[in-house]
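Peer 1: For reference, the sequence and a predicted model appear below.
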Amino acid sequence: MFYQILVNGLIAGAIYALVAAGFSLIYSTTKFVHFAHGGVIALSAYMLYFFYSLLGLNFWLAAGLAIISGIIIGVGIDSLIYHPLRRRRASPVIILIASVAVLLILESLNLIFFGADVKSINYLDIGSGWTIGPIIITSLQIFIVISSLILLVLVFLFMKYSKIGKAMRAVADNKSVAEIVGISAERIYAWSFALGSMIAGFAAVLIALEQNIEPTMGTALMIKGFTASIIGGVESVAGGVLGAFLLGLAENFGIWWLPSSYKDAIAFVILFAFLLFRPEGMLGVKKNNK
Amino acid sequence: MKNDILKIENLKKHFGGVLAVDDCSFAVEQGTITALIGPNGSGKTTVFNLISGVTKADSGKILLAGHNLLHLQPHTISNLGLSRVFQQSRLFANLTVEENLMLAFDNEDQKFWASFLGLKNKNQISKKEIIDEYLESMRITQMRDEQTRDLSFGQKRLVEILRALINPHNLLMLDEPVAGVTPELRDKIKETLLTLKAKGETIFLIEHDMNFTLKVADWVIVMDAGQVIAEGTPDDIRHNPKVLEAYLD
Amino acid sequence: MASAYIVHLLILIGIYLILSLSLNLSVGYSGVLNLGHIAFYGLGAYTSALLALAGAPFLLCLLAGGLVAMFSGFLLALPTDKIKGDYLALVTIGFSFIVYSLMLNLDDLTRGPLGLPGIPRPSILGFQFNDNFYFLILVIIIVLIVYLTIKRITDSPFGKLLEATRDDELAAKILGKDTFKAKAFSLAISAFFAGIAGSLYASYITFIDPSSFSLMQIIPIISIVIVGGLASLPGTVLATIILTLIPEALRFVGFPSSILGPMRQIIYALILLLILIYRPKGFWGKVELE
């Protein structure tokens, strides 16, 4: 039983990790909370449904188009909404409110174009499972975990070795200094949104395979993703990933004891506790505040 | 000394790896104007922040009229008799000058029901009279109903000082009161401080303007790199080689 | 009948007024950006509904709704001492989400997504408020009480203390003010009125379900508060009327009713975005949002 819960926790963690990774990447460079990130994921999931289930395209093609849609939406939100706000020197609070408004617009569009009933993508047969010792795991779940890990490793390599990745980390570390050495912060922001939204699109495809698609899925994912980032430390993508796995484990072990209706409550209590006692997260550095 | 309003003993504060305040000890005698000077980054504002509770000290003793302020909240410290003016303007921007000053008198406004039902309103009139007198003395009566965000820099300074005066206190702490003000205003503030001292007030100030400080202060404490390196009358300090060194480094 | 429609609209405006005025007390006067205000609304609605379904008299239900919401307001105030800015806003968002999640999942109590039908209309001293017109009178009376109460608070010395806390909390502390207590009080009062609004809503529509209290329902309310202007009670009144009426125009354009709901939300979100980008002080605001 323990091992099954452990595995379930890791699978949930893998999904949260993808959500948190994209979100943390954007936060670490831009320093504000892009709450609409959850909406980008939801919309990409619906795009997958549109291309695959409605238009009948090949799954991999549909998935690719869904991811591209995510990137377009993410970058679009930045240039249409956040950029004008940044030009006005809007505070992070204002940008947060704006991003919640954007999330609402995205969810409402989902409702209008696709309706309120849940959709599902039946590409991989959910039922076919493997029994490894005391654990039952489906091929879909294995696919999810492996794909997440591969993507996360690729993102890590990109951030560490590519020119853009290094520029992103420079801006994340110290924007003013980065600008002095000639890095255009606005360009890097656009890249962050592109990369973060690409990860979001990828997460959307996996989530759509594993769970049902419904119009308000963005909000719940965002709360979980944000919680994961806080637990691990918002300043880094690695923190977000670590926090995500911890959250997945905590939730699944939590509902071993508590009724499963309290699952979301667990995430929130953890979020609350960290924000109160250790807002810099597990990997973060304590900042001196007033 | 017996009549010390403020006594600091072995005060220490780290910020990350940096020792911003390194084992400082000094006292401020009642009825004097004491100045805390030193080059930029010597820890003066940190000391002010530690005393007023804005920052928590690592260790040491901060005694205000006998009370140890060490782990107290800023509002508790204020109610024990401390008034402070900050380096940057911290007026309530969207409130009028009168409203800013009204808040300083006492904490009756904390009482929700009394406030809601309009009890104890009799004091309001005498408070308004006191405010009018203060504004007269500073010649800014015409700004009484203006939002403080619309005041000039100098006017804001004056209102801040008035607000700190109205706040019941036995020690007045001013962080760079004449920084960036016109020469006339500087003289006005100098006069005000001397008048206050004549009335028995104790003033503890940080200032960079050496001329101003040496003319106004009774006692000067010099800090450098988190430590107290010298103490004395303005004359002592003027001729102290250690002080010159600290500034020239 | 046209007049029935107008009465219905006025009732909705009345309920929204209570929500907006109470939110302005928190955001505009005290500087506490509570994006979780809907949680108070929902707690009031569910408390009142459950008591009413158990046979309790209406005034008791109304009061209980307000008190339960008020208590949760005190709880939410706890983190306001240590957490500021966008982190605090996120805590309030998380709070809203958790209340929603509890409504959805504690189905023994709330019947989950099925909601609570058959909530009785108010009955005060034997008078039944089945006729919408009389219900409107009840709402008007309560709105007047709420408006006058909040106005009294904001004009009083306590109100000035709240504004001082908003403008510069540290300076207020240095004057000896216990700003945490002041903020907690203001949040609790704000919550109380939101709970009252929830109780009115429940006993008007006679059916409630979690979807009316999802996190996103904050967008119309915060839009009203910002458009009307922070710390302006008349501004809030005007904005409530205008912003409630604008989406009603959609009804007459001929959209199918399933689309009306999300379209309304999109309109509110767009208005909010426009105001944030072009006029963050709103139209009658004393203070700009920060």
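Peer 2: Right, received. Where do you want to start? This structure is a prediction, so every number in the text was calculated from the model and none was measured. Residues are numbered from 1 along each chain as shown, chains lettered A, B, ... in the order given.
Peer 1: Quick one: neighbours of the closest residue to chain A within chain B, just the number.
Peer 2: Nearest to chain A, among the residues of chain B, is residue B:15, at 6.1 Å (Cβ to the nearest Cβ). Quick note: C-beta positions are derived from backbone N, CA and C, even for glycine. Using other Cβ atoms under 10 Å in any protein chain shown, residue B:15 has 12 other residues around it.
Peer 1: try residue A:182
Peer 2: Residues near residue A:182, counting by other Cβ under 10 Å: 7.
Peer 1: From residue C:41, how far out is it?
Peer 2: Distance of residue A:182 to residue C:41, computed by Cβ to Cβ, to the nearest Å: 51 Å.
Peer 1: Can you tell me who the residue of chain B closest to chain A pairs with across the strands?
Peer 2: As for beta bridges, residue B:15 partners with residue B:18 under DSSP bridges.
Peer 1: need the next SSE after the helix or strand hosting residue A:170, C-terminal direction.
Peer 2: Using DSSP states H and E, residue A:170 sits in helix A:163-173. Counting by DSSP H and E, the next helix or strand C-terminal to helix A:163-173 is helix A:175-180.
Peer 1: Determine the set of other helices and strands touching the following helix or strand past that following helix.
Peer 2: Next along the chain after helix A:175-180, taking DSSP H and E as the criterion, comes helix A:185-210. When contacts are defined as 3 or more Cβ pairs under 8 Å, 6 or more residues apart in numbering or on different chains; DSSP states H and E, helix A:185-210 packs onto helix A:2-30, helix A:37-48, helix A:59-77, helix A:139-161, helix A:163-173, helix A:175-180.
Peer 1: Check which helices and strands the last one is in contact with.
Peer 2: Using 3+ Cβ pairs under 8 Å, 6+ apart as the contact criterion, the elements in contact with helix A:175-180 are helix A:163-173, helix A:185-210.
Peer 1: next SSE after the longest helix belonging to chain C?
Peer 2: The longest helix of chain C (DSSP state H) is helix C:179-205. Per DSSP H and E, the first helix or strand lying C-terminal to helix C:179-205 is helix C:218-228.
Peer 1: near chain B, anything from that following helix?
Peer 2: No. Judged by Cβ under 8 Å from any Cβ of the partner chain, helix C:218-228 stays clear of chain B, getting no closer than 15.8 Å.
Peer 1: can you check stretch C:165-172 too?
Peer 2: Yes. Stretch C:165-172 is in contact with chain B by Cβ under 8 Å from any Cβ, via C:166-168, C:170-172.
Peer 1: what about the closest residue in space to residue A:214 that isn't next to it in sequence, neighbour count?
Peer 2: Distance criterion Cβ to Cβ, 6 or more residues apart in numbering or on different chains; nearest residue to residue A:214, sequence neighbours excluded, is residue A:118 at 4.5 Å. Counted with other Cβ under 10 Å, the neighbours of residue A:118 add up to 11.
Peer 1: Residue A:118 and chain C, how far apart?
Peer 2: Distance, residue A:118 to chain C, by Cβ to the nearest Cβ, to the nearest Å: 12 Å.
Peer 1: Can you give me every residue that contacts that residue?
Peer 2: A:212-214 (Cβ atoms under 8 Å, 6 or more residues apart in numbering or on different chains).
Peer 1: sec struct for the residue nearest the centre of chain B, please.
Peer 2: Residue closest to the mean C-alpha point of chain B, counted by Cα atoms, centre = their mean, is residue B:173 at 1.9 Å. When states are read from DSSP: H, G, I helix; E, B strand; the rest coil, the local structure at residue B:173 comes out as strand.
Peer 1: Now do the contacts for it.
Peer 2: B:48, B:51-52, B:82-85, B:203-205.
Peer 1: just checking: which of the residues you listed also lie near chain A?
Peer 2: Counting by Cβ under 8 Å from any Cβ, no member of those is near chain A.
Peer 1: so what does the helix holding residue A:170 touch, helix or strand wise?
Peer 2: helix A:2-30, helix A:139-161, helix A:175-180, helix A:185-210.
Peer 1: contacting residues around the helix or strand of chain A with the lowest mean pLDDT?
Peer 2: Every helix and strand of chain A was ranked by mean pLDDT, DSSP states H and E. The lowest is strand A:129-132, at a mean of 75. For strand A:129-132, contacts defined as Cβ under 8 Å, 6+ apart pick out A:136-139, A:142.
Peer 1: I'd like to know which of the residues you listed are buried.
Peer 2: A:137-138 (16 or more other Cβ atoms under 10 Å in any protein chain shown).
Peer 1: ok, the contacts of strand A:129-132 vs chain B, which is closest?
Peer 2: Looking across those and measuring by Cβ to the nearest Cβ, the closest to chain B is residue A:142, at 44.8 Å.
Peer 1: List of residues touching stretch C:247-259?
Peer 2: A:112, A:115-116, C:9, C:260, C:263-264, C:267-268.
Peer 1: contacting residues around the residue nearest to residue C:85 when sequence neighbours are not counted?
Peer 2: Ranked by Cβ to Cβ, 6+ apart and with sequence neighbours excluded, the top spatial neighbour of residue C:85 is residue A:93, at 5.7 Å. With contact set as Cβ under 8 Å, 6+ apart, residue A:93 has these partners: C:33, C:85-86, C:89, C:289-290.
Peer 1: closest to chain B among those?
Peer 2: Looking across the contacts of residue A:93 and measuring by Cβ to the nearest Cβ, the closest to chain B is residue C:290, at 10.5 Å.
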